[in-house]
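*Asks:* need coordinates for the following:
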Amino acid sequence: MLEASERLHWPHWVRQILRLLPIRSQFVLSGNIRDVFLVPVGGRYVLMNMLDCLQSALATRGIELAAVYDKMDGLRVYPGSVRAAERVAHLLGDGWNASHLPLEFDQLRLQIQTIVNSREIHGAFVINHASRLVVRPPDMSQEELEFFGGCAKLAEIVTPLDSPSGRSLFNPVFWLFDQEHDVPSCFMAASERIYSQDVPKPDFEDRIAAVQLLANTFPDYSETAPEHDELITSFAAQTNGFSLQALHDISRIATDQEMPFASISEAVRCYQVSVIDGSGTSHRAGRIDVTAEERIDGPVPISDFSLSGAESGDLVRHRPKDCGSHAERTIQATRGNAARAGNCAPRARANLTWPWGTMSLLHTLCVGRNPDFSPLAALFAEDLHMSRRHAELGLADGHLYVRDLGSKCGTYVNDRRIPPHERTFVSDTATIRFGTTTTVTLHLENGV
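*Replies:* Here you go, the predicted model:
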C-alpha cells in the first residue's frame with residue numbers, strides 16, 4: 001500500500017478556511033468547486049461534493065451549514081433534516097415561506113444578515129452558483145452594486161460568537177463563484193474580512209489517495225500486490241490535471257465494463273478520446289483542449305501521458321529513487337499506457353527516443369530545466385546548455401514540429417539550427433538537439 005494513504009488530511013484549501021474562521025467572516029471560493037474532494041472520515045477517505053465537504057469541515061468547529069441559496073432553486077436548508085429546517089424556518093420567519101423562489105437582492109441580503117447575526121444557531125450561509133447573481137459583471141446595475149456593497153459592509157460589522165469548542169467564530173458566509181473573474185472587484189476590495197480562495201485541481205498526492213480509494217471497487221484489486229502499487233502510480237500520473245470526479249468516472253467506466261484493474265490505463269485512454277477529445281473540453285488545468293494547430297499562442301507544459309514539472313518532483317518525493325529510475329518509471333508507464341489504448345480511436349503518435357529510453361507523444365511536450373514548465377525538468381537538471389524554457393515538441397494535423405522558445409544555445413534539427421519562436425516541421429524521422437548535449441530522435445507513427 002502506498003504511503004500517501006497513511007496521511008489523512010483535509011484538502012489544503014479547507015485547512016486554510018478552518019484556520020481563518022476566527023478572523024474572517026466571509027469566504028469567496030472559485031476554481032475547481034464542482035469537483036468531489038477527499039474527506040477524512042473514520043480513518044479513511046470519502047469522496048464528497050463541495051457542500052458535503054464544507055458541512056463536514058465546519059462541523060469540526062461546531063458550525064452547521066444552516067442555509068444554501070442559489071438563483072435557480074431558491075433558499076433551502078442543508079443538509080435538509082426536519083430539525084434543521086424547523087430551526088432555520090423559525091429564525092428566518094416570513095422570508096422562509098417563499099424559500100423555493102428566487103429572492104430579490106434586498107431579501108437575500110436580509111436572510112444573510114439574519115444568519116450571520118444569529119445567536120440561536122452557529123451556522124453558515126452559502127450562496128451557491130454566485131456567478132448567476134450578476135448579469136454583466138463588468139457593468140453592474142445599481143441594485144447589484146448596493147447588494148454586494150451591503151454584504152461587504154456586513155462582513156465588517158458582524159461579530160463572532162462563542163462556539164461549543166470554546167472558540168470565538170463568525171457565522172461565516174461562503175460565496176461559490178465558478179470563476180475568479182466573476183467576483184465583483186468592488187466586493188473583494190471593500191473588506192479585509194472577506195477571504196478569497198482558489199480551489200485547485202487535485203495534485204499528485206490527492207490523485208494517489210483517490211485512486212487507492214477507487215481501486216477497491218475492482219474485484220481483482222489487492223492492496224498487497226506490488227504490481228498494483230505501480231498501476232496506482234501510473235493511473236495518478238496519467239490523469240495529471242484531471243478532477244477527482246473524472247477519476248471516479250474513469251473507474252466507473254472500467255468496472256461497468258468489467259475491466260480488470262490491470263487495464264485501468266486503457267480506461268483512462270478511452271475516457272480521453274471519448275469524453276475529453278470528443279467534447280472538446282479538457283480536464284487539464286481547467287483549459288479548453290484544442291487541436292495542436294490551433295494552440296499557437298504558447299506552449300502547454302504537459303503531454304498526454306507525462307507529469308507536470310511540479311508533480312514529477314512529487315513523484316520523486318513519493319517514491320524516492322535516483323533520477324534515472326524516475327525516468328524509467330515514467331517512460332515505461334507512458335509506453336504501456338499508449339500500447340493498451342488500442343481499442344480506442346486511432347490517431348497519430350510520435351515516439352521520442354531519449355538517451356534514457358523511449359516515450360510517446362500525442363499532443364505537446366515542453367522541454368527545459370524549469371520544473372514548472374517541463375515534465376522532464378528533473379532529467380535535464382545537470383545540462384547547463386539547456387535553457388529553463390528551451391523548446392516545444394508537438395503534433396499538428398499529423399505532422400511533427402519543433403519550436404525553439406528563444407533558448408540561449410539553440411535547438412537543432414538534424415544538426416541545423418532552427419529559428420526561434422517559429423514552428424519547424426520535420427520529416428517523419430528526425431534528430432533534435434537541445435543546446436550542445438541532449439538529443440532526442442523523433443519517429444512519427446500514423447493510425448496508432
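
*Asks:* please enumerate the strands of the stretch 151-300 of the chain.
*Replies:* 161-162, 168-169, 173-176, 194-199 (DSSP state E, counting those that start in this stretch).

*Asks:* any idea which of these is most buried?
*Replies:* Ranked by mean neighbour count, the strands of the stretch 151-300 of the chain are led by strand 173-176 with a mean of 23 (mean count of other C-beta atoms under 10 Å). Just so you know, the C-beta spots here come from the backbone N, C-alpha and C atoms, and that holds for glycine as well.

*Asks:* pairing partners for that one, with directions?
*Replies:* With DSSP bridges as the test, strand 173-176 is paired with strand 26-31 (parallel), strand 123-127 (parallel).

*Asks:* looking at those, which is nearest to Ala236?
*Replies:* With C-beta to C-beta as the measure, strand 26-31 is the member of the strands paired with strand 173-176 nearest Ala236 (20.3 Å).

*Asks:* quick one: average pLDDT of the closest one?
*Replies:* Across strand 26-31, pLDDT averages out at 95.

*Asks:* and it, C-alpha only, in CSV?
*Replies:* The C-alpha trace of strand 26-31 is given here as CSV (Å, rounded to 0.1, in the frame of the first residue of the first chain):
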residue,chain,number,x,y,z
GLN,A,26,-16.9,35.7,4.5
PHE,A,27,-15.1,33.4,2.1
VAL,A,28,-15.1,33.6,-1.7
LEU,A,29,-14.4,30.2,-3.3
SER,A,30,-13.7,29.8,-7.0
GLY,A,31,-12.0,27.4,-9.4
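
*Asks:* so that strand versus strand 194-199, what angle?
*Replies:* Interaxial angle of strand 26-31 relative to strand 194-199 (axes from the mean of the first three to the mean of the last three C-alpha atoms, to 10 degrees): 20 degrees.

*Asks:* contacts for strand 26-31?
*Replies:* With contact meaning C-beta atoms under 8 Å, 6 or more residues apart in numbering, strand 26-31 is reached by 13, 17, 20, 50, 151, 154-155, 172-180, 182-183, 187-188, 191, 193-200, 286.

*Asks:* got CSV for the strands paired with strand 173-176, with distance to Ile432 and mean neighbour count too?
*Replies:* Converted to CSV, those look like this (distance: least, C-beta to C-beta, whole Å; neighbours: other C-beta atoms under 10 Å):
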stretch, distance to Ile432, mean neighbour count
strand 26-31, 36, 22
strand 123-127, 52, 24
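
*Asks:* what's the closest of those strands to Thr217?
*Replies:* strand 26-31 (27.5 Å).

*Asks:* following the closest one, which helix or strand comes up?
*Replies:* Note on strand 26-31: by DSSP states H and E, the next helix or strand toward the C-terminus is strand 37-41.

*Asks:* to the chain's geometric centre, what's the distance from that next one?
*Replies:* 16 Å (C-alpha atoms, centre = their mean, to the nearest Å).

*Asks:* average model confidence for that strand?
*Replies:* 94.

*Asks:* counting by contacts, list what it packs against.
*Replies:* Applying 3 or more C-beta pairs under 8 Å, 6 or more residues apart in numbering; DSSP states H and E, one finds that strand 37-41 contacts strand 44-48, helix 50-59, helix 204-215.

*Asks:* which secondary structure elements does the last one contact?
*Replies:* By that I understand helix 204-215. Secondary-structure packing of helix 204-215 (3+ C-beta pairs under 8 Å, 6+ apart): strand 37-41, strand 44-48, helix 226-238, helix 244-256, helix 309-318.

*Asks:* compare the strands of the stretch 151-300 of the chain and say which comes out lowest on pLDDT.
*Replies:* strand 161-162 (a mean of 80).

*Asks:* can you list the strands that that one pairs with?
*Replies:* strand 168-169 (antiparallel).

*Asks:* related to what we said a few turns ago, make a markdown table out of the helices and strands packed on helix 204-215 and add distance to Leu444 and mean neighbour count.
*Replies:* Converted to a markdown table, the helices and strands packed on helix 204-215 look like this (distance: least, C-beta to C-beta, whole Å; neighbours: other C-beta under 10 Å):
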| stretch | distance to Leu444 | mean neighbour count |
| --- | --- | --- |
| strand 37-41 | 40 | 20 |
| strand 44-48 | 40 | 17 |
| helix 226-238 | 22 | 21 |
| helix 244-256 | 28 | 19 |
| helix 309-318 | 25 | 18 |
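
*Asks:* if we can go back for a sec, right, and the strands of the stretch 151-300 of the chain - which one's nearest Val273?
*Replies:* Closest approach to Val273 among the strands of the stretch 151-300 of the chain is made by strand 194-199 (27.7 Å; C-beta to C-beta).

*Asks:* got the CA positions of that closest one in PDB?
*Replies:* Extracted in PDB, the C-alpha atoms of strand 194-199 (Å, rounded to 0.1, in the frame of the first residue of the first chain):
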ATOM      1  CA  ILE A 194     -13.500  38.700   3.000                       C
ATOM      2  CA  TYR A 195     -11.100  36.000   2.100                       C
ATOM      3  CA  SER A 196     -10.700  34.700  -1.500                       C
ATOM      4  CA  GLN A 197      -9.600  31.100  -2.000                       C
ATOM      5  CA  ASP A 198      -8.900  29.400  -5.300                       C
ATOM      6  CA  VAL A 199      -9.800  25.700  -5.100                       C
END
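
*Asks:* so what strands line up beside it?
*Replies:* Strand pairing for strand 194-199, using DSSP bridges, gives strand 26-31 (parallel).

*Asks:* now do the strand it pairs with: distance to the chain's middle.
*Replies:* That offset, for strand 26-31, works out to 15 Å (C-alpha atoms, centre = their mean).

*Asks:* wait, Gly150 sits on Leu108?
*Replies:* No: Gly150 is beyond contact range of Leu108, at 9.9 Å (criterion: C-beta atoms under 8 Å).

*Asks:* more neighbours: which of the two?
*Replies:* Neighbour count, other C-beta atoms under 10 Å: between Gly150 and Leu108, Leu108 has more, with 22 against 16.

*Asks:* which SS class is the residue lying closest to the more buried one once chain neighbours are set aside?
*Replies:* With sequence-adjacent residues excluded and distances taken as C-beta to C-beta, 6 or more residues apart in numbering, Leu108 is closest to Tyr69, at 6.4 Å. Here Tyr69 is strand, with the state taken from DSSP: H, G, I helix; E, B strand; the rest coil.
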